[in-house]
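Chemist: quick one, what's the 3D model for this:
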Amino acid sequence: MNNSYKVKPIGIVHSSFKTGKEVINSKTNENVGEIEIFKEYEDGLSDLGGFSHIVVIFWMHKSSFRSLKVQPIYHPEKLRGVFATRHPDRPNPLGITIVELLERKGNILKVKGVDMIDGTPILDIKPYTKRDQKVPAEFGWLE
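Modeler: Sure thing, here's the model as predicted:
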């Protein structure tokens with residue numbers, strides 16, 4: 001199977017993080033940053049204001065795939081399958097995070113909980129909904 005897919009960024013992250021190490025060493029739930037949605041996509045932000053959180057899908061542009069077994073960043077004691085981790089070095093460096101939506105000013109979203117480095121391309125945004133909450137949930141090797 002030799003499929004390829006075109007992905008076009010819809011925006012970019014503005015954060016205080018310049019490297020992945022800075023993200024790892026921070027309390028990411030408290031970090032405030034901005035997501036700038038390119039003007040051509042601004043109309044797509046209509047009606048987002050009533051949501052407390054958004055799901056952000058992004059391209060980890062500084063990551064590089066090396067192995068299907070990785071050392072999890074917060075639990076490096078054992079190699080784990082990359083698909084059982086949130087490790088940034090993946091076959092397709094897609095990232096997903098949920099951030100608190102603090103404010104929208106035009107095409108700029110002020111968010112809390114940023115765990116992306118400055119300049120990260122944004123691929124999509126979705127509202128965080130009741131459907132996203134899964135209870136009960138199990139957390140595999142993390143428990």
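Chemist: all contacts plus neighbour counts: C-alpha atoms, from now on.
Modeler: Will do.
Chemist: mean confidence (pLDDT) on stretch 38-58, please.
Modeler: Computed over stretch 38-58, the mean pLDDT rounds to 97.
Chemist: er, stretch 81-94 actually
Modeler: Taken as a whole, stretch 81-94 has an average pLDDT of 92.
Chemist: now it: buried residues?
Modeler: Within stretch 81-94, the residues that count as buried by 16 or more other C-alpha atoms under 10 Å are V82, T85, H87, P88, D89, R90, P93, L94.
Chemist: what about the lengthiest strand in the chain, distance to the chain center?
Modeler: Determined from DSSP state E, the single longest strand within the chain is strand 94-105. Mean C-alpha position of strand 94-105 versus that of the full chain (C-alpha atoms, centre = their mean, to the nearest Å) differs by 8 Å.
Chemist: same check on stretch 119-127?
Modeler: 7 Å.
Chemist: go on, stretch 110-129?
Modeler: Between the centre of stretch 110-129 and the centre of its chain there are 5 Å (C-alpha atoms, centre = their mean).
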